[in-house]
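> fold the following for me, if possible:
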Amino acid sequence: MLGRWVHFAAVSDPRARSYFGKRGVVTGNPVRPEFKSIPPKAHAPPYTILIFGGSQGAQSINRAVMEALGSLADWKDRLRFVHQTGEAQLEEVKRSYASMGFDADVRAFFNDFHRQYAAADLIVSRSGATTVAEIKAAGRAAILIPFPFAADDHQTKNARAMADERAAVLIPNAELSGERLAERPEPFEGDRIECPAYRHSRCRAADCEFGGVMFNRIKHVHFVGIGGIGMSGIAEVLLNLGYKVTGSDLRATAITDRLEQCGATVYPRHAAANVAGAHVVVTSSAVPSDNPEIAEAHRGKIPVIARAEMLAELGRLKYAIAVAG
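Predicted coordinates:
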């Protein structure tokens with residue numbers, strides 16, 4: 001619905017780009033840096049299978065895994081399970097692993113998922129957008145069981161995209177059973193696990209680089225009140241990073257002269273025309289809401305952000321050192 005008014009739309013999958021025409025930009029989903037830094041794994045027994053169904057667990061997945069253990073008895077010495085069950089079935093699942101003699105770390109919830117991904121040879125999970133993005137970033141094989149009641153069945157679409165790339169095996173929730181899980185689908189070949197074609201190096205490409213793609217779309221930043229001590233400092237940093245910087249203030253000062261020497265264009269008054277071509281406009285609490293540049297930015301659908309937001313964005317992209325006193 002909002003697609004008609006946006007300048008560009010960030011989408012996680014190339015197939016969604018067509019809905020927005022030239023405004024569609026494939027960015028992937030945001031993924032925490034620790035998932036991107038997970039190294040490739042040399043697969044050797046005991047193989048670690050990470051199982052989870054969201055923060056509350058998934059009873060259908062828990063039940064199918066418990067049913068599958070009997071059929072996997074021959075693999076007992078070559079498999080290790082790490083299983084997030086949620087609170088409801090925690091003790092029941094623990095007893096199932098123990099009764100069958102499997103090595104299993106079973107908890108209601110894990111707080112260190114990036115470490116569990118790093119240790120895993122195979123992941124069994126739902127297929128929400130964040131989970132799929134993390135699996136891609138980690139470069140791990142997966143069996144994906146979409147949540148059947150997700151809006152517009154989007155989890156099936158996510159899983160299908162992975163399956164089409166041979167990055168995962170898709171099992172519809174309606175077909176999920178212990179027998180189906182124990183069939184040892186594509187990731188299992190003979191006595192070892194073979195990761196599908198979706199390799200770790202590929203996941204370092206654009207589909208996992210959300211932040212960089214988003215910020216690199218911004219080339220021209222305009223500051224309303226650029227002569228202020230806080231605004232000018234941010235503007236100078238952006239100039240040093242190679243961005244086009246323009247700004248306006250009520251009068252020329254030593255600060256605005258310095259910014260112009262650094263490459264900024266500084267206008268000596270506030271006017272609607274000053275924001276032409278800007279990708280984002282930065283303002284502060286000292287700038288009234290009826291400022292003509294702010295009004296023009298809103299009219300032209302140019303994002304207007306507070307100085308603190310721009311500072312936070314710079315701190316996210318680069319290591320920051322704060323000096324006080």
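> the strands in the stretch 201-325 of the chain, which residues?
Using DSSP state E, counting those that start in this stretch, the strands of the stretch 201-325 of the chain run over 220-224, 244-248, 265-267, 280-283, 304-306.
> parallel or antiparallel, which strands does the second one pair with?
Read that as strand 244-248. In its sheet, strand 244-248 lies beside strand 220-224 (parallel), strand 265-267 (parallel), with partners assigned from DSSP bridges.
> what's the closest of these to Thr85?
strand 220-224 (48.0 Å; C-beta to C-beta). Placement of C-beta: from N, CA and C, glycine included.
> the closest one: how far from the chain's middle?
Taking C-alpha atoms, centre = their mean, to the nearest Å, one finds strand 220-224 lying 27 Å from the centre of the chain it belongs to.
> tell me who's in contact with Arg180.
Ala64, Ile171 (C-beta atoms under 8 Å, 6 or more residues apart in numbering).
> buried set for the strand or helix carrying it?
In this assignment (DSSP states H and E), Arg180 forms part of helix 178-181. Across helix 178-181, burial judged by 16 or more other C-beta atoms under 10 Å covers Gly178, Arg180, Leu181.
> for those residues, which one is nearest Gly139?
The closest of the buried residues of helix 178-181, once distances to Gly139 are taken by C-beta to C-beta, is Leu181, at 22.2 Å.
> quick check: the gap between the closest residue in space to the closest one that isn't next to it in sequence and Pro14.
Distances taken as C-beta to C-beta, 6 or more residues apart in numbering place Ala68 nearest to Leu181, at 4.2 Å, with adjacent residues excluded. Look at Ala68 and Pro14: by C-beta to C-beta, to the nearest Å, they are 34 Å apart.
> between these two, which is the more surrounded one?
Using other C-beta atoms under 10 Å, the more surrounded residue of Ala68 and Pro14 is Ala68, with 17 against 13.
> so Phe110, which of the three states?
Recorded secondary structure, Phe110: coil (DSSP: H, G, I helix; E, B strand; the rest coil).
> how much space between it and Gly86?
For Phe110, the distance to Gly86 - C-beta to C-beta - is 11 Å.
> give me the more crowded residue out of the two.
Neighbour count, other C-beta under 10 Å: between Phe110 and Gly86, Gly86 has more, with 20 against 16.
> pretty sure the more buried one belongs to a helix, no?
No: assigned with three-state DSSP, Gly86 falls outside any helix and is coil.
> Val82 in helix, strand or coil?
From three-state DSSP, the assignment for Val82 is strand.
> that older thread, right, and the strands of the stretch 201-325 of the chain - which one's nearest Ala58?
strand 304-306 (38.8 Å).
> nothing else from me, thank you.
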